[in-house]
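Q: When you get a sec, could you give me coordinates for this:
(chains A, B and C)
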Amino acid sequence: MDPAAFEWNAMHGWAIATAAMVSAGCAVVGTLLVVRRMSLLGDAISHAVLPGIAVAVLAGGRPGGPLVLLGAVAAALVTVGLTQVLRSEGGLAEDSSAGVVFTTLFAAGVVLITAAASRIDLDPSCVLYGILELVPFDTIRIAGLEMPRAFVTAGLVFATILLGCVLTWKEQLFAAFDPDAARAAGMPVTATTIGLLAAAALATVASFEAVGAILVVAMLVVPAATAELLSRRLHRMMLLAVVIAVVSAAIGYLAAWHWNTSAAGMIAVVLGAAYVLAAVAAPQDGLVARLAAQAALNWRVTAEDCLAFLWREEESARRGPESRDRGGWTLRQRVALAWMSWAGGVLWTADGWRLTDSGRTRAETVVRSHRLWEAWLGHHVKLPLDHLHPPAEWIEHHLGADVRARIEAEVGGRDTDPHGRAIPPEQTS
Amino acid sequence: MAGEDRHQGPHTIEFHDVTVAYGRRPVLWNIDLAIDAPGLFAIIGPNGAGKSTLLKAALGLVPLAGGTVTFFGKPFADVRRRIGYVPQRETVDWDFPVSVMDVVLMGTYPRLGWFRRPGPAERDCARACLGRVGLADVADRQIGRLSGGQQQRVFLARALAQQADVYFLDEPLAGVDARSQDQIFRVLSELRGEGRLVVVVHHDLRTAAEWFDGVALVDMRLVASGPTASVLTSDNLRRTYAGPLDVLDEIGLAVEQARRTR
Amino acid sequence: MTIPYNTLVVAAGVAAVGFAAGVVGSLGVLRKRALAGDAAAHATLAGVATAFLVSGRRDLPVLLAGGLASALLSLGGLVLIRRFTKTRDDAATAIVLGVSFGIGIALLSGITARGIPGGGGLEQFLLGHTAALTAADAALLAGVSIAALAAVWLGLKEATLVAFDPAFAAASGWPVAVVDYCLVALVAVMVVVGLPAAGAVLVTALVVIPPVAARLWTDRVGPMLLVSGCIGLVAAVAGVVASGLVPRLATGPMIVLTAAAIFFVSLLFAPRRGWLAKRLGPRFPLTVE
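A: Here you go, the predicted model:
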């Protein structure tokens, strides 16, 4: 590779700035599309703006100019309208009707551009994946500063989208959460939806020169879907999506520069990597976190079962001569016991494991949960006595103090379980 | 139910301590229920009580979080062919391009196995089943061009074509005209007369008292079960329809939260 | 006017692809899996480019094998996302589609930028271009298409059952997931053999538009498969002819536009389900007791 190609100059800065600006606009719109389960409409729109752009260019519009923006928005709304008509008139499923409409419109766009290739400067392959690298060379001068035209367009579009989003935040939130309730409450859900689709069209057409029609799908959906794995609040999700989009745009551009390939393609690849990373390593919803939580829960259950067993042994010893039949501890239980002895719940003595005071407190809570639940089941559910133990064995690890109090109230304050054993009192500490 | 004391050998259906969870939240708690053939048996309860879920759990369509279901003392997978199923009508796309005959023939597919097509024997069987539900004259019509009651009867005919010993019907009388309702009940009674067991998820208490031999009242847990007259008491009904059981709901949430975050 | 032998053979091969895509696509549309095929289609590009880089040649069988591998990988990715994340189905499809297409574009641009001999022609897989196909290529496409038709013939009963009533199918012992995987894999195969004619971006239309149009003409699965196949065949041949007549015109868009034209004619004029029949014709009673 030519080492000179690695030399930094202002052109690269502008290209990255444009990519970042374009991505940010897509991320804002995409967040709303994803939470409203309209990702596939985003896909359809990104394909279908092509004929709108082609017609506008043929009518004398300049790529990135106002006429082209208008054409794209019109094409997007036509797409959505046609999809709706096919569903109501043709009885088509949502995905089939979208599939029919966007492939047809995209094909029409390609044919238009091919047919008029001599008159307009749109290259069919550029339409597919854009040429971010050439963006900095088409500039305009604003306030004495030479800026790429695409950057200015993207900036204006981003500002428009952001403004619309802030102004209609309440409506978007309500429509995303529960469109039927929003409609019933007199919210302008249809207008909100149309606004969102127009915004998607704007974001798409602003991205068009930089990343082409199809990779816009990745820029709309992937940052938002990634952010959704990392956050459970809409405003945080949107902010995160923008950050992810901007960072990925910069990394993707640099990677493409390094490997001498398409910047738009690499940005999509980096976005994909970010999604996979989040899916695996997100703090709450990631695969690793969920596996770890599951393992932690299983260990806690083992430990509590050991404690409860020791407690019941003490209980039967109090009542009479040692009669409980105990097999040896399993390996898993031994590990749990060793860990608890380090944590101060049990002690190793000459005649086996014994509870410490803190261990006893915790054991009593578990046994209390178990017996309260047996008492509740015996009271409310038609179940034979010998069927009570297994459900309680499972539920005993999951009850908080407040739920235990509720159950106690519902079983009418009795102090024995259906087998006649005492329910330990609530531990206060 | 009624036969429990005189019954020898395994029950026709036995739910043993069945708990079902959607996602992680339990929606059915510790169901213990035995039903014996022959009979017409109803599962009754308020909306969201888990009636359909109980049925789907028996058929292996939703996983069990605990407990077992056996048929004739064996797991469902071993006796699948002896069980017929009528899903809720809304679960399929009635615009699907198949005729009434095609749908009823689907009941014979398990007998046919992989790749074999239905032949004259299966067609005769399907035609006879259509006759039993009074739809012989619409066999070639597309299924969307039937009334709700007729659609339900097509599903029933498909189950008949399965030639099963136990039938599960999920809300077969929801949105069904009076004529179809009579026809359906007549066929179900015939099945009982042939020594089979019919289990119906049902919502109408009035017809339940009139038609069914046995009833289970369900509201997230089993409230009562047994012969219809002894179960449909005002006390049992009050306990079933008293409203959602807050404690079960709360514990369900607690279990879900514990599994998710700790 | 004489048509060169090669063009005739290619047209015949592409016609077989169009027919088989219409038939297989019908099952996909009936099972509501129309857009899984789209994700697979966009993913093929990465496989085609990788196969070219590994083999260093532009042999159609090798390239298509690569395309099929990456299409199946993308469908596997879709299954993984569904199984292990909380991302919803629509977003999952869009993610797989966008990212896998990005990988394909990055590979393709890399190949072009390095000027690897023969790499330039790979762009034909974006929008489809049949002019470069040889008779041997056409025979391969036709062969795979016939195999796909045989598979449909074999499993039609199972596919129809699962598509119509998955709950009943599962309760009566059919492995619904296995049937589904086979069905989607079959759609992926058709998408891949449709690639040379229609291109990665538009090949989805070949498995979506003909079935949707055919559905308007008939109320039975068998006839729907046949009609859909015929529409696919006509569209494919028209696309090949049109792009042969107009230089520089890609085949894919012409195939799609022909299919779309047939669809809109169907939407207007189909008996009973068409727009005119609904407006003018005698209304069929919904229920006849």
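Q: For residue B:16, give me its contacts.
A: A:387, B:32, B:67, B:68, B:69, B:70 (C-beta atoms under 8 Å, 6 or more residues apart in numbering or on different chains). For the C-beta atoms, the positions are set from N, CA and C on the backbone; glycine is no exception.
Q: Helices along the stretch 1-150 of chain A, start to end?
A: Assigned by DSSP state H, counting those that start in this stretch, the helices in the stretch 1-150 of chain A fall at A:10-35, A:39-58, A:66-89, A:94-115, A:124-129, A:149-167.
Q: nope, chain B is what I was after
A: B:51-58, B:76-79, B:100-105, B:109-112, B:120-132, B:148-161, B:178-193, B:205-211, B:228-231, B:234-241, B:246-261 (DSSP state H).
Q: Distance to chain C and mean pLDDT for those helices - can I get that in CSV?
A: CSV is the format used below for the helices of chain B (distance: least, C-beta to the nearest C-beta, whole Å; pLDDT from 0 to 100):
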stretch, distance to chain C, mean pLDDT
helix B:51-58, 8, 91
helix B:76-79, 8, 89
helix B:100-105, 7, 95
helix B:109-112, 5, 90
helix B:120-132, 11, 94
helix B:148-161, 7, 93
helix B:178-193, 8, 91
helix B:205-211, 22, 82
helix B:228-231, 27, 85
helix B:234-241, 26, 80
helix B:246-261, 11, 66
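Q: All the helices of the stretch 151-289 of chain C, residue numbers only.
A: Under DSSP H, counting those that start in this stretch, the stretch 151-289 of chain C gives helices at C:166-171, C:176-198, C:204-215, C:221-245, C:251-269, C:275-279.
Q: about what we covered before: please identify the most buried of the helices of the stretch 1-150 of chain A.
A: Across the helices of the stretch 1-150 of chain A, averaging neighbours per residue (mean count of other C-beta atoms under 10 Å in any protein chain shown) puts helix A:39-58 on top, at a mean of 27.
Q: what angle separates it from helix A:94-115?
A: 20 degrees (axes from the mean of the first three to the mean of the last three C-alpha atoms, to 10 degrees).
Q: elements contacting helix A:39-58?
A: Under the contact definition 3 or more C-beta pairs under 8 Å, 6 or more residues apart in numbering or on different chains; DSSP states H and E, helix A:39-58 sits against helix A:10-35, helix A:66-89, helix A:94-115, helix A:189-211, helix A:215-230, helix C:89-114.
Q: which helices and strands does the strand or helix carrying residue C:140 pack with?
A: Here residue C:140 sits within helix C:135-164, counting by DSSP states H and E. Helices and strands touching helix C:135-164, by 3+ C-beta pairs under 8 Å, 6+ apart, are helix B:109-112, helix C:5-30, helix C:60-84, helix C:166-171, helix C:176-198, helix C:221-245.
Q: buried stuff in the helix or strand bottoming out on mean pLDDT in chain C?
A: The weakest-scoring helix or strand in chain C, judged by mean pLDDT, DSSP states H and E, is helix C:275-279 (a mean of 79). Residues C:275, C:277 are the ones in helix C:275-279 that count as buried (16 or more other C-beta atoms under 10 Å in any protein chain shown).
Q: So is that helix next to chain B?
A: No. Looking at helix C:275-279 against chain B by C-beta under 8 Å from any C-beta of the partner chain, there are no contacts, and the closest approach is 14.2 Å.
Q: From the contact counts, what lies against that helix?
A: Using 3+ C-beta pairs under 8 Å, 6+ apart, the elements in contact with helix C:275-279 are helix C:251-269.
Q: hmm, the helix it packs on touching chain A?
A: Yes. Using C-beta under 8 Å from any C-beta, we find that helix C:251-269 touches chain A at C:252, C:253, C:254, C:256, C:257, C:260, C:263, C:267.
Q: Can you select the buried ones from those residues in ChimeraX?
A: To isolate the buried members of the residues of helix C:251-269 next to chain A in ChimeraX, using 16+ other C-beta under 10 Å:
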select /C:252,253,254,256,257,260,263,267
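Q: out of the residues of helix C:251-269 next to chain A, who's nearest residue B:131?
A: Nearest to residue B:131 among those, counting by C-beta to C-beta, is residue C:267 at 38.4 Å.
Q: Surely that closest one is in contact with residue C:274?
A: Yes. Counting by C-beta atoms under 8 Å, residue C:267 touches residue C:274, with 6.3 Å between them.
Q: Please enumerate the shared neighbours of the two.
A: By C-beta under 8 Å, 6+ apart, residue C:267 and residue C:274 have these common neighbours: residue C:216.
Q: The residue of the stretch 1-150 of chain A found nearest chain B: what's its closest spatial neighbour, skipping adjacent residues?
A: For the stretch 1-150 of chain A, the residue closest to chain B is residue A:91, as judged by C-beta to the nearest C-beta, at 6.0 Å. In this structure, residue A:91 finds its nearest non-sequential neighbour in residue B:95, 6.0 Å apart by C-beta to C-beta, 6 or more residues apart in numbering or on different chains.
Q: Ok, residue C:253 next?
A: Nearest residue to residue C:253, sequence neighbours excluded (C-beta to C-beta, 6+ apart): residue A:107, at 3.8 Å.
Q: Any chance of the backbone angles for residue A:144?
A: phi 80, psi 0 (degrees, to the nearest 10).
Q: Residue C:247 now?
A: Dihedral angles (degrees, to the nearest 10) for residue C:247: phi -60, psi 150.
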